[in-house]
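[1] My questions concern the predicted model and sequence given below.
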Amino acid sequence: MNIRKSIVAWMAMLAVCALISTTGAMGQEAAPSPKHPDLTKERLQGKASVEKLLNLTPEEASKFWPLYDQYEAEMEKIDDRHLRELEHFGYANLTENDANAKLDEVIAIQQARLDTEKSFIPKFRSVLSPVKVTRFFQIDSKLRALLQCDIAQAVPLVK
């Protein structure tokens, strides 16, 4: 029952986040360059959160952190691609071709994130128990959702 309440609370937070980002963006004029959170700061805070919440033994930590750094380096490339996508398209005057290209790129970025996660699962499983690997991906997913919420609030809807 406690897990169910946590899931419901998490889903409610995400729904509120989505509502805020949608209603805020609908009333805004399209900004020429959307404001983005400081991803480096977010990554550093994320690493501290992972360290705090994963509860690694010293032996696990010695194997996990180098792998985590590789994972984050790959995700950073994808995040940079996402930022380039956000900055490339003018939201006020998006042409039909631009709209198609933007949506294709957004989906490709989502797929790249998923592919990276999938490629690292066996690597993480080789150094941590399945429970800790699952916990890591839960933590990572929540941190990325919060970052995506910040970005969504800053990006206006296409006119």
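    Done, it's in. Numbering: from 1, shown residues only.
[2] got any ranges where the chain has weak pLDDT?
    1-44 (pLDDT under 70).
[3] Strands of the chain, residue ranges please.
    Assigned strands in the chain: none (criterion: DSSP state E).
[4] so where do the helices sit in it?
    2-26, 39-54, 58-88, 96-125, 130-154 (DSSP state H).
[5] For the fourth one, buried residues please.
    It stands for helix 96-125. Going by neighbour count (16 or more other C-beta atoms under 10 Å), the buried part of helix 96-125 is 102, 105, 109, 112-113, 117, 120, 124. Quick note: C-beta positions are derived from backbone N, CA and C, even for glycine.
[6] what's the spacing between Thr138 and Glu87?
    Check again: residue 138 is Gln, not Thr. Remark: distance between Gln138 and Glu87 (C-beta to C-beta, to the nearest Å) = 31 Å.
[7] ugh, typo on my part, it should be Ser49
    Distance, Ser49 to Glu87, using C-beta to C-beta: 27 Å.
[8] list the contacts for the residue most central in space within the chain?
    When C-alpha atoms, centre = their mean is applied to the chain, the residue found nearest the centroid is Arg144 (2.8 Å). Going by C-beta atoms under 8 Å, 6 or more residues apart in numbering, Arg144 touches Arg113.
[9] 7 Å - rerun?
    Neighbouring residues of Arg144 by C-beta atoms under 7 Å, 6 or more residues apart in numbering: there are none.
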